[in-house]
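# Generate coordinates for the sequence data below:
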Amino acid sequence: MNKLKKIALFVDLSEMDTLMLDYIKRLDDIFDFQELYLIHFIQMEGISQEILDLMPSLGQPLTGLIEEEVRASAVESFGRKNENIKVYIQPENDLEALIEWFDRQKFDLAILGLKSNKNGSGIFSRKIVRLTNCSTLFLPESAKPHFKKIVVPIDFSPYTDKLLPIAEKLSNMANSDIYPVHTLKLSIQYFPFIQNSNKIQDTLVKEASSNFKKIKTKYPFLNDITILNHHEEKINVQIDGFIEKVNADLIIIGQKGKTSDSELLIGSVAEKLISNGKNYPILVVK
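Down below sits the predicted model:
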């Protein structure tokens, strides 16, 4: 994600679309996007038979009606017709076809709404981020259109070197403060039975601090690292608590971690953060 020029925004014809369009409009002043695609996936099982029966009398296909609605939302948010804003309606309930089209477009970033639990399950969003090759920004309903404070969880894996250049770019463009955080991984269920557990924990803290010093020489813009070692809490709970503590506007997290079983969005840290209806944006980097 070296540039942010071609952006994909998934819309669902809800009030969330307006919130996301307004968010993008404000960020455009910072990033100067060149193309914005508004994408809608028609899920036929969500359309009643009564509406389907009315389609022939409306004078145009359902895709045309939806495109008009999406374009009207864009005009309302951006104030005028913009040739750099394009609309794509997936005409059939075919997710595989949508993913194939999406990957051919070579988007720099995909943006999806992150609704609270009471308003949406987020199943479609999680499918998109699993199946596409694009980094994804999840926007909650309460997202603020600025990046003053950015949290970056790091585990000193190769993905750390993918996250920090992005954090640096955002820091330079949006005048952001970057807060690196590392969570010690000492299995909760075994912790009470490990002899000299305090010594092991101290060793892990020293190791993390030493690794961070090396990273700091390469990325001097970073604030001092925070090391979380509340072994009685799950990693996502610790990270979530830290984000709330610093009142962060964004978290940047990698698709994969240090080990193959820590792939994000497949039942681990990022998926738990996303599925719990948080009130901060989450950028998942691929």
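# right, and the helix or strand after the helix or strand of the chain with the lowest mean pLDDT?
Every helix and strand of the chain was ranked by mean pLDDT, DSSP states H and E. The lowest is helix 49-54, at a mean of 57. Note on helix 49-54: by DSSP states H and E, the next helix or strand toward the C-terminus is helix 62-78.
# CA atoms only for that next one, dumped as CSV, please.
Taking C-alpha atoms only, helix 62-78 is exported to CSV below (Å, rounded to 0.1, in the frame of the first residue of the first chain):
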residue,chain,number,x,y,z
LEU,A,62,-32.8,-3.2,-10.5
THR,A,63,-29.1,-2.5,-11.2
GLY,A,64,-30.1,0.8,-12.8
LEU,A,65,-32.3,1.8,-9.9
ILE,A,66,-29.5,1.0,-7.4
GLU,A,67,-26.9,2.9,-9.4
GLU,A,68,-29.1,6.0,-9.5
GLU,A,69,-29.5,5.8,-5.7
VAL,A,70,-25.7,5.4,-5.2
ARG,A,71,-24.9,8.3,-7.5
ALA,A,72,-27.4,10.5,-5.7
SER,A,73,-25.7,9.7,-2.4
ALA,A,74,-22.3,10.7,-3.9
VAL,A,75,-23.6,14.0,-5.2
GLU,A,76,-25.2,14.8,-1.9
SER,A,77,-21.9,14.2,-0.1
PHE,A,78,-19.5,15.8,-2.6
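# Low-confidence ranges, the stretch 51-200 of the chain, go.
Within the stretch 51-200 of the chain, the segments meeting pLDDT under 70 span 51-60, 81, 116-122, 186-197.
# what ranges do the helices span in the stretch 51-200 of the chain?
Along the stretch 51-200 of the chain, counting by DSSP state H, counting those that start in this stretch, helices occupy 62-78, 95-105, 123-131, 160-174, 197-218.
# Which elements pack onto the fourth one?
With contacts defined as 3 or more Cβ pairs under 8 Å, 6 or more residues apart in numbering; DSSP states H and E, the secondary structure elements packing on helix 160-174 are helix 15-31, strand 149-153, strand 177-183, helix 197-218, strand 250-254, strand 282-285. C-betas here are computed from N, CA, C, even on glycine.
# cool, and the second one?
In this structure, helix 95-105 packs against strand 6-10, strand 35-41, strand 85-90, helix 123-131, with contacts taken as 3+ Cβ pairs under 8 Å, 6+ apart.
# which of the residues in that helix are buried?
Neighbour counts over helix 95-105 (16 or more other Cβ atoms under 10 Å) mark 98-99, 102 as buried.
# and if you look at the last one?
Buried residues in helix 197-218, defined by neighbour count with 16+ other Cβ under 10 Å: 201, 204, 208, 211-212, 215.
# Check stretch 33-40 too.
Buried residues in stretch 33-40 (16+ other Cβ under 10 Å): 33, 36-40.
# what does stretch 167-183 give?
167-171, 174, 176-183.
# Mind telling me the two of those residues farthest from one another?
Taking Cβ to Cβ, the two most distant members of the buried residues of stretch 167-183 are 174 and 183; they sit 25.5 Å apart.
# sorry, back to before: columns distance to residue 234 on top of the buried residues of stretch 167-183, output as CSV?
CSV is the format used below for those (distance: Cβ to Cβ, whole Å):
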residue, distance to residue 234
167, 24
168, 29
169, 30
170, 27
171, 29
174, 30
176, 27
177, 26
178, 24
179, 20
180, 20
181, 15
182, 15
183, 9
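# and which of these is nearest residue 15?
Taking these together and measuring to residue 15 by Cβ to Cβ, the closest member is residue 174, at 26.1 Å.
# OK, contacts around the closest one?
By Cβ atoms under 8 Å, 6 or more residues apart in numbering, residue 174 lies in contact with 30, 146-148.
# One more: residue 134?
When contacts are counted by Cβ under 8 Å, 6+ apart, residue 134 touches 8, 102-103, 107-110, 286.
# Give the buried subset of those residues as a ChimeraX selection command.
Entered in ChimeraX, the line below selects the buried ones among the contacts of residue 134, by 16+ other Cβ under 10 Å:
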select :8,102,107,108,109,110,286
